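Q: no sequence for this one, just the structure:
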RNA sequence: UCCCCGGUUGUGUAAUGGUAGCACAGCAGACUCUGGAUCUGCUUGUGGGGGUUCGAAUCCUCCCUGGGGAACCA
């Protein structure tokens, strides 16, 4: 892995979260002699920050105990899976610094082995071929209820009439299932456990179904496919996985996980569950994200508003910021909703340290310096990163006609406003102190078209020789030297904290924040930005962190606002209104 | 309320029978050539009742409350 990425540190005094405690104990009492985990994505969508949490836990738990971690694609549903997803997941995983490059595995490579284990279970008399239809299986199981949320009891199910078939017949039928003798859905292989079990997943779960669907890796080699509950524990066992870490939704499946391990007499992998990640104002579910993509509400899986790793990368997130975030949220079993502001905080903190500063104006307003010598241009020295002395300085051209931020001028200043207004002085960052002498206004529209000022030549670089205090410092770009750019400003994808909690009858997809993307097509930046490459991050001073987008071309620059700067003025403004 | 799992400041997470801490958010201030960064201070919490104990967030019990489960998905 990339050594610069620290493992997320538990913030407790014990030094361990509950998973690491369990692993530590397992090692100490000899339950396992080593540690091996696995990342089990299904290649049916792109990786998001919720998967990154799971991946990070798997990877770093193994690493912390000197173990290994496999990246195993859980690809047993040919209807939804695709190689493009495999590639996307691998790219994003490795980009995060989770380096399983030499341990990329596929459950589909175990089909033959899994088949053999199924045969073993049939021979032991704990698996049988069932002729019931899917509807009948539900009915027999006793779970075919109209309203799952409003039941008062779960009566025992009934045994399938085919449950007591002989071993030989089961063996024969299962072989014929594989050879394609039966129609899709005509029969299944089921585990013979207990149709009266209070845990519904233990009521003779289906192990194999018949499905004639081309698999993206095995093609037409198989027409029967194993189910998750059967495949997953045995794949873990095949790989010698000691700790199979997964989200809480599988907790209820653990007895079944253990049942298959025990009955198949394979390596005793252990499943431990933790709470999945939820973040406010977004959705973390491949199904919902797919819907956003398919309905065209975002530009794709890598839309910078998406909580996918690809989207976050394009937005300007760094692996370090993501790992920092994942370390801070911790690991627990409580269902939680993490404030998206924590994620943004982690990005700010990381980018503050590393991003070069640059002067750019998003909503330009002309500033005319009336006493500036006509035609004169000065190269002023600007600090690249005040947080990093090694970053050095650069020259920025200054002239008598500048672009400044429209917000940085007020005809009538609100209380506590200390930027430009008639009669007031401000410092132009790294430039001169100027005093506002007036402004031009379009008589028709009332729009301010230019601000006028005079400069003090003795304040070059921004320092006043008389040490007078100037409260405001604003950013600027020389109009004659400005390079144009497009800026994409993002806001929360959803206004609602929990987008999926919508009133009945409302389609959550319609609640996407209409202001989540604002395109500013006529912004200007200092010349140094012209050479930015895709993925480069900068701080546009006083505005926020911006990342050069993959749509950017020389002469047609596009920047994404990764996150804004903390904005104290916005808070003051908000309080005043 | 059929089965399973949870409930610690606004949010997330520690404290493993012995001082309820940390981070984010919020508030107030200092400093500042980014209303950035940095620094200082502050507010707010063990869901409720009973029990065990010298002592309970922690153990027991009842209640309340949140999530999950019943696919030939994973």
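A: On my side now, so go ahead. None of these values were measured; they are calculated from a predicted model.
Q: distance check, residue A:23 against residue A:490.
A: Remark: distance between residue A:23 and residue A:490 (C-beta to C-beta, to the nearest Å) = 39 Å. All C-beta atoms are positioned from the backbone trio N, CA, C, and that covers glycine.
Q: again with residue A:246
A: With C-beta to C-beta as the criterion, residue A:246 and residue A:490 are 32 Å apart.
Q: do residue A:537 as well
A: When residue A:537 is compared with residue A:490 (using C-beta to C-beta), they lie 15 Å apart.
Q: neighbours of the residue in the stretch 301-450 of chain A positioned nearest to RNA strand B, how many?
A: Among the residues of the stretch 301-450 of chain A, residue A:330 lies nearest to RNA strand B; the distance is 2.9 Å by C-beta to the nearest atom of the strand. Using other C-beta atoms under 10 Å, residue A:330 is surrounded by 18 other residues.
Q: okay, residue A:23 and residue A:490: which has more neighbours?
A: In this view residue A:23 and residue A:490 are compared by other C-beta under 10 Å, and residue A:23 has more residues nearby, 26 against 20.
Q: quick check, the more buried one in a strand?
A: No - assessed with DSSP: H, G, I helix; E, B strand; the rest coil, residue A:23 is helix; it does not lie in a strand.
Q: I figured it hits residue A:58, correct?
A: No - the pair residue A:23 and residue A:58 does not pass the contact test of C-beta atoms under 8 Å, sitting 11.3 Å apart.
Q: where do the contact lists of those two overlap?
A: Residues touching both residue A:23 and residue A:58 (C-beta atoms under 8 Å, 6 or more residues apart in numbering): none.
Q: coming back round to it: isn't the residue of the stretch 301-450 of chain A closest to RNA strand B up against residue A:19?
A: No - when contacts are counted by C-beta under 8 Å, residue A:330 is not listed as touching residue A:19 (10.8 Å).
Q: residue A:528 is in contact with residue A:360, correct?
A: No - contact criterion C-beta under 8 Å: residue A:360 and residue A:528 do not qualify, at 10.4 Å.
Q: shared neighbours of those two, anything?
A: By C-beta under 8 Å, 6+ apart, no residue touches both residue A:360 and residue A:528.
Q: the more surrounded of those two?
A: The neighbour comparison of residue A:360 against residue A:528 (other C-beta under 10 Å) goes to residue A:360, with 29 against 18.
Q: what's the pLDDT at that one?
A: At residue A:360, the model reports a pLDDT of 98.
Q: excluding chain neighbours, what is closest to residue A:101?
A: residue A:94 (6.5 Å; C-beta to C-beta, 6 or more residues apart in numbering).
Q: my guess is that neighbour contacts residue A:103. True?
A: No - if you go by C-beta under 8 Å, residue A:94 and residue A:103 don't touch, sitting 11.7 Å apart.
Q: for the strand or helix carrying the residue nearest to residue A:101, buried residues please.
A: For residue A:94, the host element (DSSP states H and E) is helix A:83-95. Buried residues in helix A:83-95, counted by 16 or more other C-beta atoms under 10 Å: A:85-86, A:88-90, A:92-94.
Q: nearest to residue A:415, of those residues?
A: residue A:92 (47.7 Å; C-beta to C-beta).
Q: list the contacts for that closest one?
A: A:46-47, A:308-310, A:313.
Q: of these, buried ones?
A: Buried among the contacts of residue A:92 by 16+ other C-beta under 10 Å: A:46-47, A:308-310, A:313.
Q: is RNA strand B contacted by stretch A:432-450?
A: No - figure legend: stretch A:432-450 not in contact with RNA strand B (C-beta under 7 Å from any atom of the strand); closest approach 8.5 Å.
Q: start to end distance for that stretch?
A: Start-to-end span of stretch A:432-450 (C-alpha to C-alpha, to the nearest Å) is 18 Å.
Q: next: stretch A:220-237.
A: Taking C-alpha to C-alpha, the first and last residues of stretch A:220-237 lie 26 Å apart.
Q: gap between residue A:175 and residue A:65?
A: Noted for residue A:175: a distance of 42 Å to residue A:65, by C-beta to C-beta.
Q: which one's more surrounded, these two?
A: Just comparing residue A:175 and residue A:65: by other C-beta under 10 Å the higher neighbour count belongs to residue A:65, 20 against 14.
Q: neighbours of the closest residue in space to that one that isn't next to it in sequence, how many?
A: Of all residues not flanking residue A:65 in the chain, residue A:35 sits nearest, at 4.1 Å (C-beta to C-beta, 6+ apart). By other C-beta under 10 Å, the residues close to residue A:35 number 21.
Q: distance check, residue A:35 against residue A:262.
A: Going from residue A:35 to residue A:262 by C-beta to C-beta gives 22 Å.
Q: just the strands from the stretch 1-150 of chain A, written as ranges.
A: In the stretch 1-150 of chain A, the strands defined using DSSP state E, counting those that start in this stretch lie at A:36-39, A:68-73, A:104-106, A:127-130.
Q: pick the most buried one from the ones you listed.
A: strand A:36-39 (a mean of 26; mean count of other C-beta atoms under 10 Å).
Q: packing partners of that one?
A: helix A:49-64, strand A:68-73, strand A:243-247 (3 or more C-beta pairs under 8 Å, 6 or more residues apart in numbering; DSSP states H and E).
Q: try 6 Å this time
A: Where contact means 3 or more C-beta pairs under 6 Å, 6 or more residues apart in numbering; DSSP states H and E, strand A:36-39 is packed against helix A:49-64, strand A:68-73.
Q: still on that earlier bit, can you list the strands of the stretch 1-150 of chain A in CSV and add mean pLDDT?
A: Listed next are the strands of the stretch 1-150 of chain A as CSV, based on pLDDT from 0 to 100:
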stretch, mean pLDDT
strand A:36-39, 98
strand A:68-73, 98
strand A:104-106, 98
strand A:127-130, 98
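Q: tell me which of those strands sits nearest to RNA strand B.
A: RNA strand B lies closest to strand A:127-130 among these, at 7.7 Å (C-beta to the nearest atom of the strand).
Q: mind listing what's buried along the helix or strand of chain A with the lowest mean pLDDT?
A: Using mean pLDDT, DSSP states H and E, helix A:568-576 stands out as the lowest-scoring helix or strand of chain A, at a mean of 89. For helix A:568-576, the neighbour count (16+ other C-beta under 10 Å) marks no residue as buried.
Q: ok, residues contacting it?
A: With C-beta atoms under 6 Å, 6 or more residues apart in numbering as the test, helix A:568-576 has contacts from residue A:416.
Q: the closest residue to RNA strand B within the stretch 451-577 of chain A: neighbour count?
A: When scored by C-beta to the nearest atom of the strand, the stretch 451-577 of chain A has residue A:462 as its residue closest to RNA strand B, at 2.0 Å. By other C-beta under 10 Å, 16 other residues sit near residue A:462.
Q: show me the beta-bridge partners of the closest residue to it other than its chain neighbours.
A: Among residues not flanking residue A:462 along the chain, residue A:427 sits closest, at 5.1 Å (C-beta to C-beta, 6+ apart). Applying DSSP bridges to residue A:427 gives these bridge partners: residue A:433, residue A:473.
Q: residue A:363 against residue A:406, yeah?
A: Yes - at 4.2 Å, residue A:363 and residue A:406 qualify as touching, with contact defined as C-beta atoms under 6 Å.
Q: touching RNA strand B at all, the least confident helix or strand of chain A?
A: Yes - using C-beta under 7 Å from any atom of the strand, helix A:568-576 comes into contact with RNA strand B via A:568-569, A:571-572, A:575.
Q: next one: stretch A:269-284
A: Yes - using C-beta under 7 Å from any atom of the strand, a contact is recorded between stretch A:269-284 and RNA strand B, made by residue A:275.
Q: ends of that stretch, what's the gap?
A: Using C-alpha to C-alpha, the distance between the terminal residues of stretch A:269-284 is 28 Å.
Q: same question for stretch A:462-474.
A: End-to-end span of stretch A:462-474 (C-alpha to C-alpha): 11 Å.
Q: can you tell me what sits against stretch A:406-425?
A: Contacts of stretch A:406-425 (C-beta under 6 Å, 6+ apart): A:363, A:365, A:426, A:433, A:435-436, A:451, A:470-472, A:474, A:572.
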